[in-house]
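Asks: Any chance you could fold what I've pasted below:
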Amino acid sequence: AMDAAACIGCGACVATCKNSSAMLFVGAKVSQFALLPQGRVEATERVMNMVKQMDAEGFGNCTNTGACEVECPKEISLDVIARMNREYLKASIKS
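Replies: Alright, predicted model coming up:
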């Protein structure tokens, strides 16, 4: 959770992402919630609602090029940034 908490919301990851104009990319901060005890209670609902909204607005998906990791001034890894995709997969299996 500490890596995700380091996110300062500067937008460098969004600016460098070739998909950012085609996706709702909120950075590493969003994945922090699922790691904290108080965030686990609504983790499934939160990620399902986020992806539902992304789909409704026609946004794309991460292609794992890693440009966000390279540009991040806090050196947050792609693994942390991509955690929401894994959370979505787990949540979609549960529902």
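
Asks: Could you look up the SS state of residue 86?
Replies: For residue 86, the assignment made with DSSP: H, G, I helix; E, B strand; the rest coil gives helix.

Asks: Can you give me the distance of it to residue 44?
Replies: 13 Å (CB to CB, to the nearest Å). Using the backbone N, CA and C atoms, a C-beta is placed for each residue, glycine as well.

Asks: Tell me which other helices or strands the host helix or strand of residue 52 touches.
Replies: Taking DSSP states H and E as the criterion, residue 52 maps to helix 43-56. Applying 3 or more CB pairs under 8 Å, 6 or more residues apart in numbering; DSSP states H and E, we find helix 43-56 packed against helix 29-35, helix 83-94.

Asks: weakest of these by average pLDDT?
Replies: For the helices and strands packed on helix 43-56, mean pLDDT drops lowest on helix 29-35, to a mean of 61.

Asks: What count of nearby residues applies to residue 52?
Replies: Close neighbours of residue 52, defined as other CB atoms under 10 Å, add up to 11.

Asks: mind checking pLDDT for it?
Replies: If you check residue 52, the pLDDT there is 76.

Asks: who's in contact with it?
Replies: Residue 52 makes no contacts at all, as judged by CB atoms under 8 Å, 6 or more residues apart in numbering.

Asks: low pLDDT regions in the chain?
Replies: 1-2, 4, 20-40, 51, 54-61, 81, 84-85, 88, 95 (pLDDT under 70).
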